[in-house]
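Undergrad: predicted model and sequence follow; I will ask about them next.
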Amino acid sequence: METTLVTAGRDTKAQKGFVNPSVVHGSTVLYPTADDLRAHRGEFRYGRHGTPTTKALQEAMMELEGPQCAGVGIAPSGAGAISTTLLSVLKSGDHLLVCDNVYQPTRNFCNGLLARYGVETTYFDPLIGSGIAELFKANTRAVLVEAPGSQSFEMPDVPAIVSVAHARGAIMIDDNTWATPLYRRSLDQGVDISIQAVTKYIGGHSDIMFGTISANARTWPTVAETIRLLGVCAGPDDVFLAIRGLRTLSVRLAQHNKSGIEMARWLAARPEVIRVLHPALEGDPGHQIWKRDFTGASGLFSIVLKPAPQEAVDALLNSLKLFGMGFSWGGFESLAVPFDCTSYRTATKWQPGGPAVRLHIGLENVEDLKADLASGFDAFNRHTGGV
């Protein structure tokens, strides 16, 4: 895979010897004759439908996703990839099943636009496994999971859910941003559509908004048609940055993986932390599924602090120097954000036992990160009367 990430989607002859593809800023494609124009004869028809730059990224992503990938659609954000996917497989009167730990903007889209368009959404316990069969209706068209959930990190059994969905003719959709196809090829596990928020690890530098929709042969024609009808596309500079990020994904993600697990184990031993939510840790409820289905982990996980007032959590966060406070993740920098799922969970109850903080472990030295968090815990403890 390391070699694939470096070589896929590259044609140095077509690129006049240059290592990287050119960044094509273009809308109009000219045809040499009237007959060529009438027949739309040519590799590219219009900038929105594709350029040499987008082709390079799509070919590379197809290699990364594996042999089950029939095509890769490009969207201007991860949320755009999710909404475009759902619009491609659903129609008025359909029923959708969504994992209760899903990315909140996905939930907002389901409860907002899809509901207005006459699509019913039912949320399910991430740990339901094959028990999801009881939630299917005659009009259930698709199932959407996020493995693991990017806040609370429950790990759904994707192959078990896939088996039930396909037995009932439903389409299986997976937001695979946390692991990327480098650490889990979800299409190989029977998923029909795999979504990436390229904004995160594939971009890797916190400088683009981008999404991809990777689909198998069953679903790609519909996805491709929906992208065309909606006019979904991304700017050429962001496409180029996505290609650049893809080339170094393996080395960056390996470091995120290593540092993330080391930090998670260190945090698990801290007296201020009552639980670490990280499926790669041996004691995590989702560890066996992670061990079976994944080849690595990213640097994103959460911790639950001992019960404390809000000012104690704020003191911890405000004292951090290396961990920035900001939404998103997957860049080179470490991040820390508090969160509370209580208000929007419907199929499960969020009762962690204390304040929760999501951490993204970046590419800084782990000893420096430990020292930064240790200083934050000192501030935390001053507001709780000590440990």
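TA: Good, I have the coordinates. Residues are numbered from 1 along each chain as shown.
Undergrad: contact partners for residue 151?
TA: Contact partners of residue 151, counting by C-beta atoms under 8 Å, 6 or more residues apart in numbering, are 101, 302, 339, 341, 356, 358. Bear in mind the C-beta positions are built from the backbone N, C-alpha and C, glycine included.
Undergrad: do you know how far it is from residue 9?
TA: Taking C-beta to C-beta, to the nearest Å as the measure, residue 151 falls 33 Å from residue 9.
Undergrad: ok, which stretches of the stretch 201-350 of the chain are strands?
TA: Taking DSSP state E, counting those that start in this stretch, the strands of the stretch 201-350 of the chain run over residues 211-215, 273-277, 300-305, 335-339.
Undergrad: ok, which of those comes nearest residue 112?
TA: Comparison of the strands of the stretch 201-350 of the chain against residue 112 by C-beta to C-beta identifies strand 211-215 as nearest, at 18.5 Å.
Undergrad: of the contacts of residue 151 - the most surrounded one?
TA: Across the contacts of residue 151, the neighbour count under other C-beta atoms under 10 Å reaches its highest value at residue 101, namely 29 neighbours.
Undergrad: can you map out the helices along the stretch 201-350 of the chain?
TA: Listed in chain order, the helices of the stretch 201-350 of the chain (DSSP state H, counting those that start in this stretch) span 220-230, 236-247, 249-268, 287-293, 310-319.
Undergrad: could you dump those helices to a markdown table with mean pLDDT?
TA: What follows is the helices of the stretch 201-350 of the chain, written out as a markdown table (pLDDT from 0 to 100):
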| stretch | mean pLDDT |
| --- | --- |
| helix 220-230 | 98 |
| helix 236-247 | 97 |
| helix 249-268 | 98 |
| helix 287-293 | 98 |
| helix 310-319 | 97 |
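Undergrad: neighbours of residue 231, how many?
TA: When neighbours are counted by other C-beta under 10 Å, residue 231 registers 8.
Undergrad: distance of the closest residue to it other than its chain neighbours from residue 235?
TA: Among residues not flanking residue 231 along the chain, residue 48 sits closest, at 6.4 Å (C-beta to C-beta, 6 or more residues apart in numbering). As defined by C-beta to C-beta, residue 48 lies at a distance of 11 Å from residue 235.
Undergrad: picking up where we left off before, out of the contacts of residue 151, who's nearest residue 22?
TA: Using C-beta to C-beta, residue 358 comes nearest to residue 22 of the contacts of residue 151, at 38.4 Å.
Undergrad: with distance to residue 79 and mean pLDDT added, can I get the strands of the stretch 201-350 of the chain in a markdown table?
TA: Converted to a markdown table, these look like this (distance: least, C-beta to C-beta, whole Å; pLDDT from 0 to 100):
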| stretch | distance to residue 79 | mean pLDDT |
| --- | --- | --- |
| strand 211-215 | 7 | 98 |
| strand 273-277 | 23 | 98 |
| strand 300-305 | 17 | 98 |
| strand 335-339 | 17 | 97 |
